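[1] All I have is the shape, not the residue letters:
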DNA sequence: CAGTGGTCTAGACCACTGC
DNA sequence: CAGTGGTCTAGACCACTGT
């Protein structure tokens, strides 16, 4: 009882101090998966801190996935920390300019059709939509960085003149003009097909990184894009700290 | 004034109703980037809801990155929704068993050295560490799914007999025995080298997906693993809803 | 059915910051 | 320096759930 129930560092908001204190203990395995944390009322008594503040700290830990809270039972260290790595997936311009290189965009072709979107397993397939298909590429210091094949559902977006895409990358135009509420990314590896190899200036069969992105607004597909990067010109990086602690802690 | 400031659906906790109401408006571009949300006190007055509850809802939106809150100025719709896609990156066993296939693990080689970890740009390089290097592969229904090259910093983990890894995949053993607080994932594409091609039973040069994962405990590297998947046997999928809304909303 | 977390309130003080 | 959000409290009622 004379032993402190929790060691606070005295810096920053109380709820953050409490959250970090438990995050540290969990990260250091001082509290192991399945262990029960003190009850809220125990912490309020021991630390002389309002229950709302305690609750806020524990709620944050639950949101991070570090603990699981059960009524009548208590709060427990989660059995498995989720491995949801946040991956930053931006438009090609960002990658290229972030590397200090000059960005250039090149439209290769546009075709209007009324077929269905390829690989569209969701929602209403039966009805035909007006689809715009286009191919383009993005260059870094005049070296082709990525080839893009894109399908746009013209019935799900505001009216637009195709000539817009002569100068503006479709991904960027869509991002700033179209509302969407769900996206899916699929990363895979493929050998460069003939057309991609040509536009990317690599040998056919070269190992390439492929990113497929589908975007929905409600149940309607807005756009589907396939980006093909030569393997040595791109990687996706994700970094994360499962306990949400400051660096150098531990 | 007779116009409702915000339309609540009357289901679930108040703070969630408020959060979703604004998330919908932002998702539908009814509130555009840069627009100011009502002040907390305006919402308290208009909705007759306590400021703590209002604050909690807006705080959640800020945590999601949908809005930015500035003292003395107000709360504003964020200029750009962050594109941090949550990618699920698990151990090979999970992928294989989730697909309903039989999992098998095979240790190929182990080598103990005292060199530095390759590509270790962080922390103290000067001192030598005791490193265990091993290669192994994971099979799905007896088809090689992924080849693994791993380096383990034996000075950063509990004592372990190398024979453990005859039967237990090192990734899984480390996950359940070693505390770590930071991880980095890098996804890229490479052509299969001779050794990988052999163990994966594909042609040399086959396009492969490569996942590099580095794990740290404090400033010490715990482990570094390179996973090589034949391009047609693996992809990484990430799905997200930037506004945190229920499906079918919109 | 007793005890936990989930939510909500009315009020308070404070830090920061744009004007 | 005035107004915003950030934090905290003491208390309350309720929903859920393990025993």
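    Arrived safely. Values in this document were obtained by computation on a predicted structure and should not be read as measured data.
[2] Whether stretch A:132-148 contacts chain B - can you check?
    No. If you take C-beta under 8 Å from any C-beta of the partner chain as the test, stretch A:132-148 misses chain B, and the best it gets is 12.2 Å. Every C-beta, even on glycine, is put in place using the N, C-alpha and C of the backbone.
[3] Kindly provide the whole-number mean pLDDT of that stretch.
    What stretch A:132-148 shows for mean pLDDT is 97.
[4] Can you tell me which residues in chain A are near DNA strand C?
    Applying C-beta under 7 Å from any atom of the strand, we find that chain A lies next to DNA strand C at A:37, A:39-41, A:51-52, A:55, A:58-59, A:62, A:69-75.
[5] what's across from residue A:77 in the sheet?
    residue A:67 (DSSP bridges).
[6] list the contacts for it?
    A:26, A:31, A:32, A:33, A:34, A:35, A:37, A:66, A:67 (C-beta atoms under 8 Å, 6 or more residues apart in numbering or on different chains).
[7] what pLDDT does the closest residue to the second one other than its chain neighbours get?
    Spatially, and ignoring its direct neighbours in sequence, residue A:31 is nearest to residue A:25 (4.5 Å; C-beta to C-beta, 6 or more residues apart in numbering or on different chains). Turning to residue A:25, the model gives it a pLDDT of 94.
[8] Wait, a strand at residue A:25?
    No. Read with DSSP: H, G, I helix; E, B strand; the rest coil, residue A:25 is helix and lies in no strand.
[9] What about it, how many residues nearby?
    By the criterion of other C-beta atoms under 10 Å in any protein chain shown, residue A:25 has 18 neighbours.
[10] Show me what the lowest-mean-pLDDT helix or strand in chain A is packed against.
    Of all helical and strand segments in chain A, the minimum by mean pLDDT, DSSP states H and E falls on strand A:84-88, at a mean of 89. With contacts defined as 3 or more C-beta pairs under 8 Å, 6 or more residues apart in numbering or on different chains; DSSP states H and E, strand A:84-88 has these neighbours: strand A:236-240, strand B:84-88, strand B:182-191.
[11] Tell me which residue is most central in chain A.
    Closest to where the C-alpha atoms of chain A average out (C-alpha atoms, centre = their mean) is residue A:87, at 4.7 Å.
[12] Now do the contacts for that one.
    A:185, A:236, A:237, A:238, B:84, B:85, B:86, B:87, B:185, B:187, B:238.
[13] Would you agree residue A:78 is in contact with residue A:70?
    No. The pair residue A:78 and residue A:70 does not pass the contact test of C-beta atoms under 8 Å, sitting 11.7 Å apart.
[14] Would you mind telling me which of the two has more residues around it?
    residue A:78 (16 against 9).
[15] Quick check: pLDDT value at that one.
    95.
[16] for it, phi and psi?
    phi -60, psi 150 (degrees, to the nearest 10).
[17] Check the gap between it and residue A:15 for me.
    From residue A:78 over to residue A:15 the distance is 19 Å, taken as C-beta to C-beta, to the nearest Å.
[18] Next secondary structure after the helix or strand where residue A:15 lies?
    Here residue A:15 sits within helix A:14-27, counting by DSSP states H and E. Following helix A:14-27 in sequence order, the next helix or strand is helix A:40-47 (DSSP H and E).
[19] beta partners of the residue nearest to the centre of chain A?
    Residues in beta-bridge contact with residue A:87 (DSSP bridges): residue A:238, residue B:85.
[20] can you count the residues close to residue A:35?
    If we define neighbours as other C-beta under 10 Å, then residue A:35 has 14 of them.
[21] Ok, the one 5 residues further on next?
    Using other C-beta under 10 Å, the number of residues around residue A:40 comes to 18.
[22] Residue A:178 now?
    Residue A:178, neighbours per other C-beta under 10 Å, totals 18.
[23] Distance of it relative to DNA strand C?
    Remark: distance between residue A:178 and DNA strand C (C-beta to the nearest atom of the strand, to the nearest Å) = 31 Å.
[24] How about that residue: what's its closest non-neighbour residue?
    Of all residues not flanking residue A:178 in the chain, residue A:157 sits nearest, at 4.9 Å (C-beta to C-beta, 6+ apart).
[25] Then residue A:82?
    Distance criterion C-beta to C-beta, 6+ apart; nearest residue to residue A:82, sequence neighbours excluded, is residue A:65 at 4.6 Å.
[26] My guess is the one you found contacts residue A:79. True?
    No. If you go by C-beta under 8 Å, residue A:65 and residue A:79 don't touch, sitting 10.6 Å apart.
[27] neighbour count winner among the two?
    residue A:65 (14 against 9).
[28] And the helices and strands packed on strand A:84-88, which one averages the lowest pLDDT?
    strand B:84-88 (a mean of 89).
[29] and the next element down the chain from that strand?
    helix B:92-98.
[30] Could you give me the buried positions within that next one?
    Buried positions in helix B:92-98, judged by neighbour count with 16 or more other C-beta atoms under 10 Å in any protein chain shown: B:92, B:93, B:95, B:96.
[31] so which strand or helix has residue A:52?
    helix A:51-64.
[32] so how far is that helix off the chain centroid?
    25 Å (C-alpha atoms, centre = their mean, to the nearest Å).
[33] Output the contacting helices and strands for it.
    Helix A:51-64 packs on helix A:14-27, helix A:40-47, strand A:67-70, strand A:74-77, going by 3+ C-beta pairs under 8 Å, 6+ apart.
[34] Need the winner for burial among the ones you listed.
    Highest mean neighbour count among the helices and strands packed on helix A:51-64 (mean count of other C-beta atoms under 10 Å in any protein chain shown): helix A:14-27, with a mean of 21.
[35] is that one anywhere near DNA strand D?
    Yes. Judged by C-beta under 7 Å from any atom of the strand, helix A:14-27 comes into contact with DNA strand D through A:14, A:15, A:16.
[36] residue contacts, residue A:93?
    A:103, A:105, A:138, A:169, A:172.
[37] Output the residues you listed in JSON lines, with neighbour count appended to each entry.
    Formatted as JSON lines, the contacts of residue A:93 follow (neighbours: other C-beta atoms under 10 Å in any protein chain shown):
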{"residue": "A:103", "neighbour count": "18"}
{"residue": "A:105", "neighbour count": "20"}
{"residue": "A:138", "neighbour count": "22"}
{"residue": "A:169", "neighbour count": "21"}
{"residue": "A:172", "neighbour count": "14"}
